[in-house]
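# Need a 3D model of the following:
(one chain, ligands or ions: 2)
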Amino acid sequence: MSKLLPVRGTHDLIGENFRLQNHVIKSARFVAEIFGYEPIETPIFESTDVYQRTLGETSDIVNKEMYTFKDKGGDSLTLRPEGTAGIARAVISGGLQDNTPLKWYYSGPMFRHERPQKGRLRQFHQFGAELIGVADPVADIEVISMATEFLRDLDLLSEVKLQLNTLGDLQSRKTYRETLINYLSDYKDELSEESQIRLTRNPLRILDSKDINDKKIISGAPSFHNFLTPEADLFFKNMCSGLEDLGIEYSSNPYLVRGLDYYCHTTFEFISDKLGAQGTLLAGGRYDGLIPMMGGQSIPGVGWAAGIERICMLIQKPIEEPRAICVIGLGKLGEQEAAKIALKLRQSKFKTELIYKGGLKRGLRRANKIGAVAAILIGENELTNNIVTVRNLDNGSQTEVGFSELDSHLAIYDSATLITD
Ligand code: ATP
Ligand code: MG
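Ligands and ions are numbered 1, 2, ... in the order given. Predicted coordinates:
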């Protein structure tokens, strides 16, 4: 048997880490709901075609990162590396093309066979939003505004910068592509190996190269913005001014091209400088070509996905959780009564920890260990008098309370917030 370790680039989510991740997703859901988006969940695996055809043969994902396998029936399946292609497939196969605009949010694990490092895993989690069926920049503005509010809700807005670019429409890209190939061909031998391959297959991606020498060459390249068709130029300008109207700060980065082939017009990233090379927390753009590319109608779309693990890495403060109330029964009868009281508290939505066995000392040790706010003690004396003893674990004070007054007495414990969802 192989060693019992999690597979490289995957990890178990336990305790604080899990809570933090839930906290981030909860906040994202909250904001998405406020924006009027609805939840969607697509399967974790799809026919390989769904990704192969849409993400682009030269994209990092299709080239080297997909977890693709044949199932027992011989079908080629792929664990989802991202959310948008599966959602576009769902629009088509679910017969939803006439129901636009579709406003959706999702969250869940994604799988990419990359080199694991800080902020880069093989199974990671994304939260994403898609607005499908709106061609006007008002849609781009809305999804960017939602991303901004999400980061604001997490108190991270001051930690990140929004960068924007446009990839124009097909015509803009066609003209620019030729110009770029011409320019880069003069430096062909100096480009990195990867960029040399991209030169013929996907030259725009070279703009995104992290190679220092490539970057130098690129800095002299003609700017995409000068090759935009008037319509594409207007689209970008309208979007930028819409963001300004909403007070959303951004900077324009002409080298932001993003990895996937289906993007057009708007691309954007929220970046932090605290996470080294893996600084992009949330990224997205417009994908008007995606649904038609999959054989659907000509329906535009725009959206983004956030890397949950990377966002968690930026959150320093501990997540506040409701503190439990411990119920400790002493002796057989005490234990029986404790179980009943615990159930009553749970029905009143108090976070309740029932101490199973082991007497007062052990019970209190456990109560302190889990940071309980109070312990309810039920021994012989309490049973005879139909009361419980409530011990405040922060200051040690004890109060005797009648069974029926227990709920209202516990209201004094502010930090024993009721669990509401
Ligand atoms: P990168 O340039 O870091 O490889 P990407 O362009 O491949 O990112 P997207 O496909 O746009 O990333 O995914 C959106 C977000 O998901 C990223 O900005 C990042 O926060 C997160 N993400 C992507 N790949 C990983 C990974 N392997 N591990 C953890 N988070 C990831
Ligand atoms: Mg990547």
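# Flag every residue of the protein that's near ligand 1.
82, 112, 114, 119-121, 124, 126, 259, 278, 280-283, 305, 307, 309-310 (C-beta under 6 Å from any ligand atom). C-beta: built from backbone N, CA, C; applies to glycine.
# let's see 5 Å
R112, E114, R120, L121, F124, G259, T280, A283, A305, G307, R310 (C-beta under 5 Å from any ligand atom).
# Inside helices: which ones of those residues?
Among the residues of the chain next to ligand 1, the members falling in helices are R310 (criterion: DSSP state H).
# Among the residues of the chain next to ligand 1, find the lowest-pLDDT one for me.
The member of the residues of the chain next to ligand 1 with the lowest pLDDT is G259, at 65.
# thought G371 was touching R323?
Yes - using C-beta atoms under 8 Å, G371 makes contact with R323 at a distance of 5.7 Å.
# neighbour count winner among those two?
Between G371 and R323, counting by other C-beta atoms under 10 Å, R323 is the more crowded of the two (21 against 11).
# and that one, that one's in a strand?
No - assignment of R323 by DSSP: H, G, I helix; E, B strand; the rest coil gives coil, placing it outside any strand.
# okay, now the closest residue to it other than its chain neighbours: neighbour count?
The shortest distance from R323 to any non-neighbouring residue, by C-beta to C-beta, 6 or more residues apart in numbering, is to V373 (4.0 Å). Residues within reach of V373, counting by other C-beta under 10 Å, total 22.
# How about the contacts made by I144?
L162, L243, I248, F268, G284, W304 (C-beta atoms under 8 Å, 6 or more residues apart in numbering).
# any chance of those in TSV, plus neighbour count?
Below are the contacts of I144 laid out as TSV (neighbours: other C-beta atoms under 10 Å):
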residue	neighbour count
L162	20
L243	21
I248	18
F268	27
G284	25
W304	25
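# possible to save the residues you listed as a markdown table with pLDDT?
Converted to a markdown table, the contacts of I144 look like this (pLDDT from 0 to 100):
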| residue | pLDDT |
| --- | --- |
| L162 | 98 |
| L243 | 98 |
| I248 | 98 |
| F268 | 97 |
| G284 | 96 |
| W304 | 98 |
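# Name whatever forms a beta bridge with the closest residue to ligand 1 within the stretch 51-200 of the chain.
Residue nearest to ligand 1 within the stretch 51-200 of the chain: F124 (3.5 Å; C-beta to the nearest ligand atom). F124 forms beta bridges with M110, as assigned by DSSP bridges.
# returning to that earlier point: just to check, the residue nearest to R323 is in contact with E321?
No - between V373 and E321 there is no contact under C-beta under 8 Å: 11.3 Å.
# Could you tell me which of the residues of the chain next to ligand 1 are located in strands?
The strands, defined by DSSP state E, take in F124, T280, A283, A305, G307 from these.
# Tell me how far the fourth one lies from E380.
A305 sits at a distance of 59 Å from E380 (criterion: C-beta to C-beta, to the nearest Å).
# The last one too?
Taken as C-beta to C-beta, the spacing of G307 relative to E380 amounts to 56 Å.
# In the stretch 301-421 of the chain, what residue lies closest to ligand 1?
Using C-beta to the nearest ligand atom, G307 is the residue of the stretch 301-421 of the chain that sits closest to ligand 1, at 2.1 Å.
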